[in-house]
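K.L.:
A predicted structure for the sequence below; I have some questions about it.
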Amino acid sequence: MLKKRLIPKLLLKPMQFGSISKLVLVTTVGFEKTINAGDPVSQAKIYEAQAADELIFLNIESENVSHEKVIPILNKLSEEIFMPITIGGGINSIEIIREYLRNGADKISLNTYAFKNPNFIKESSSIYGAQCIVCSIDYKLENGKAIVFINNGKEKTNVHLIDWAIECEKLGAGELLITNINHDGCNNGLDLIELKKVCCNVKIPVIASGGCGLAKHFIEGFEAGADAVSAGTYFCFKDQNPIQTRSHIANANIPIRLHK
Amino acid sequence: MLGIIDYGMGNLLSVKNAVEYLGHEVEIITSANEVENYDKLILPGVGAFPDCMNNLNKKGFVEILQNQVVDNKKPILGICLGMQVMATIGNELIKTSGLNWIDGEVELMQVTDKQYRIPHVGWAETFIKNHFIFDGIKSIPEFYFVHSYHMKCLNESNVIATINHQNNYTAAICKNNIIGCQFHPEKSQELGLLVLKNFITKNFNA
């Protein structure tokens, strides 16, 4: 039986240290305010020690940070940790996907470029297989409707979450990562209503993200149908770590890996 | 020395790093004529079955592997797609001949119950048989899987591990010196590394 997954989400952002710019780990609130959370590689190693199930790395300022800057981090990660890694942020060509895969990534997360060029999902999925392609969808609730936002939450579209989710599956996505921007960093729980809708309408695994502040929020996400729950702020700044969270989840009779 | 076959597809770096982390020497094999210099081989793979066979053929690996693995009995470990191409036929996208070392076909996983999703992604309880590749591993380990297709073996005796995802599916295969796992040992933390270590250190002639 497949276990439900806990996935720390690591957001990368450039920060100036004297004359050099370095990629650091941050958490966000509503995709806007960012809080520095340290070195991505050391944090990833801690998550591995705590037996996180996978890691998601997102280059959230891809307009300023080239893939050449991200690859060395990925390279270093793959020397030190032996668990699945998904990478995303500004991915817009098959060549870049190939480079990321060659340098240690297992899955690729597509967002803005794929939204504007849906055929790219089809193309990448046919080359690398659906299991390699994660479509990341960010949305906000406006007048009760879940509207897709792209460009790291800065650009509103006129497409509904559920329609785009179904379209991504049709185009060949192997997983969906859905994030309610309003819940991001707020610790108030996942958007269970939209999560349920998406889970009911697609057959591929769904990763829920945005708003986990308590162990029970993960449980709620799994009960709503998510295969995995991803969190940034929760794992960075809470006393809770994946080991403790797992016990809470197991106590709710949800199949999850337990740390030995 | 261990060699990882590079035919232009797959997450080579992770496999290489995992082997080095275990303290063993390993090299990437980029050309077919180097294959005979290595004692054991790893065939990784990410992508689609037809592309994989195409690339193996183009780079001349199919012929040399036939000689080294089938005739000379050199130990080989196929990972994920690298295991699947060991079958007779692949049915991903278009019907394609595989390496034909293991009698069987690669097919899309079929589920009817909505709680089971495809691709099959994540850590799955794996029902292992008694085989030295699993030495030191408790009865039902969890390994990391990420795939939509599965290998249906004609001979039950080739299957050394299974998973259940509404139906039972092959998780690992073995035929003499040929080993394959659908899961990713290089991504399955401690227990995955143990599988790799067993492959590297065990004596296949014993």
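P.N.:
Here it is on my side, so go on. Residues are numbered from 1 along each chain as shown, chains lettered A, B, ... in the order given.

K.L.:
make it CA atoms for all contacts and neighbour counts henceforth
P.N.:
Fine.

K.L.:
endpoint to endpoint, stretch B:55-72 covers what distance?
P.N.:
In stretch B:55-72, first residue to last residue: 23 Å (Cα to Cα, to the nearest Å).

K.L.:
check contacts around residue 26.
P.N.:
Just going to use chain A. A:10-13, A:34-38 (Cα atoms under 8 Å, 6 or more residues apart in numbering or on different chains).

K.L.:
my question was about chain B
P.N.:
Contacts of B:Val26 (Cα under 8 Å, 6+ apart): B:1-4, B:16, B:19-20.

K.L.:
one more time with 10 Å, if that's ok
P.N.:
By Cα atoms under 10 Å, 6 or more residues apart in numbering or on different chains, the contact list for B:Val26 reads B:1-4, B:15-20, B:38, B:40-42.

K.L.:
related to what we said a few turns ago, just among the contacts of A:Val26, which is most surrounded?
P.N.:
Most neighbours among the contacts of A:Val26, by other Cα atoms under 10 Å in any protein chain shown: A:Leu10, with 28 neighbours.

K.L.:
helix or strand: which one has it?
P.N.:
strand A:5-17 (DSSP states H and E).

K.L.:
and B:Cys153, its phi and psi?
P.N.:
The phi/psi pair for B:Cys153 (degrees, to the nearest 10) reads phi -90, psi 140.

K.L.:
what's the answer for A:Lys140, then?
P.N.:
phi -130, psi 150.

K.L.:
can you tell me the SS state at A:Ala250?
P.N.:
helix (DSSP: H, G, I helix; E, B strand; the rest coil).

K.L.:
just give the nearest non-adjacent residue to it, would you?
P.N.:
Excluding the flanking residues, the one nearest A:Ala250 by Cα to Cα, 6 or more residues apart in numbering or on different chains is A:Ile256, at 6.2 Å.

K.L.:
that neighbour bridge partners, please.
P.N.:
Note on A:Ile256: beta-bridge partners by DSSP bridges are A:Lys4.

K.L.:
same check, this time on B:Cys153
P.N.:
Under DSSP bridges, the beta-bridge partners of B:Cys153 are B:Gly104.

K.L.:
all strands of chain B, in order?
P.N.:
Assigned by DSSP state E, the strands in chain B fall at B:2-5, B:26-29, B:40-43, B:76-79, B:87-90, B:96-97, B:102-108, B:120-125, B:127-128, B:142-147, B:149-153, B:159-165, B:167-175, B:178-181.

K.L.:
can you redo the ones you listed as CSV with mean pLDDT?
P.N.:
Compiled in CSV, the strands of chain B are given as follows (pLDDT from 0 to 100):
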stretch, mean pLDDT
strand B:2-5, 97
strand B:26-29, 96
strand B:40-43, 98
strand B:76-79, 98
strand B:87-90, 98
strand B:96-97, 98
strand B:102-108, 98
strand B:120-125, 97
strand B:127-128, 98
strand B:142-147, 96
strand B:149-153, 98
strand B:159-165, 98
strand B:167-175, 98
strand B:178-181, 98
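
K.L.:
looking at these, which is nearest to B:Lys187?
P.N.:
In terms of Cα to Cα, the element of those nearest to B:Lys187 is strand B:142-147, at 6.5 Å.

K.L.:
relative to A:Ala173, how far out is the residue in the stretch 101-250 of chain A positioned nearest to chain B?
P.N.:
Nearest to chain B, among the residues of the stretch 101-250 of chain A, is A:Tyr128, at 3.9 Å (Cα to the nearest Cα). Using Cα to Cα, we find A:Tyr128 at a distance of 11 Å from A:Ala173.

K.L.:
the two: which is more packed in?
P.N.:
The neighbour count for A:Tyr128 versus A:Ala173, taken as other Cα under 10 Å, is higher for A:Ala173 (29 against 24).

K.L.:
now do the SS call for that one.
P.N.:
coil.

K.L.:
that one is in contact with A:Gly129, isn't it?
P.N.:
Yes: using Cα atoms under 10 Å, A:Ala173 makes contact with A:Gly129 at a distance of 8.8 Å.

K.L.:
between the two, what contacts are shared?
P.N.:
Joint contacts of A:Ala173 and A:Gly129 (Cα under 10 Å, 6+ apart) are A:122, B:119.

K.L.:
can you list the residues of the stretch 101-250 of chain A near chain B?
P.N.:
A:101-107, A:124-132, A:173-175, A:199-206, A:225-228 (Cα under 10 Å from any Cα of the partner chain).

K.L.:
just the buried members of those?
P.N.:
Neighbour-count burial (16 or more other Cα atoms under 10 Å in any protein chain shown) applied to these gives A:101-107, A:124-132, A:173-175, A:199, A:202-206, A:225-228.

K.L.:
shouldn't the residue nearest to A:Ala250 be in contact with A:Arg5?
P.N.:
Yes: between A:Ile256 and A:Arg5 there is a contact at 6.9 Å, judged by Cα under 10 Å.

K.L.:
find residues that contact each of the two.
P.N.:
Shared contacts of A:Ile256 and A:Arg5 (Cα under 10 Å, 6+ apart): A:53, A:246, B:123.

K.L.:
and the helix or strand of chain A with the lowest mean pLDDT, what does it pack onto?
P.N.:
Counting by mean pLDDT, DSSP states H and E, chain A has its least confident helix or strand at helix A:233-237, which shows a mean of 81. When contacts are defined as 3 or more Cα pairs under 10 Å, 6 or more residues apart in numbering or on different chains; DSSP states H and E, helix A:233-237 packs onto strand A:5-17, strand A:20-29, strand A:33-38, helix A:40-49, helix A:242-251.

K.L.:
rebuild the ones you listed as JSON lines, extending it with distance to B:Glu63 and mean pLDDT.
P.N.:
Formatted as JSON lines, the helices and strands packed on helix A:233-237 follow (distance: least, Cα to Cα, whole Å; pLDDT from 0 to 100):
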{"stretch": "strand A:5-17", "distance to B:Glu63": "41", "mean pLDDT": "92"}
{"stretch": "strand A:20-29", "distance to B:Glu63": "46", "mean pLDDT": "89"}
{"stretch": "strand A:33-38", "distance to B:Glu63": "50", "mean pLDDT": "87"}
{"stretch": "helix A:40-49", "distance to B:Glu63": "40", "mean pLDDT": "90"}
{"stretch": "helix A:242-251", "distance to B:Glu63": "47", "mean pLDDT": "88"}
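
K.L.:
redo the ones you listed as JSON lines? Include distance to B:Cys52.
P.N.:
Listed next are those as JSON lines, based on distance: least, Cα to Cα, whole Å:
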{"stretch": "strand A:5-17", "distance to B:Cys52": "29"}
{"stretch": "strand A:20-29", "distance to B:Cys52": "35"}
{"stretch": "strand A:33-38", "distance to B:Cys52": "40"}
{"stretch": "helix A:40-49", "distance to B:Cys52": "31"}
{"stretch": "helix A:242-251", "distance to B:Cys52": "37"}
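
K.L.:
this completes my enquiry, with thanks.
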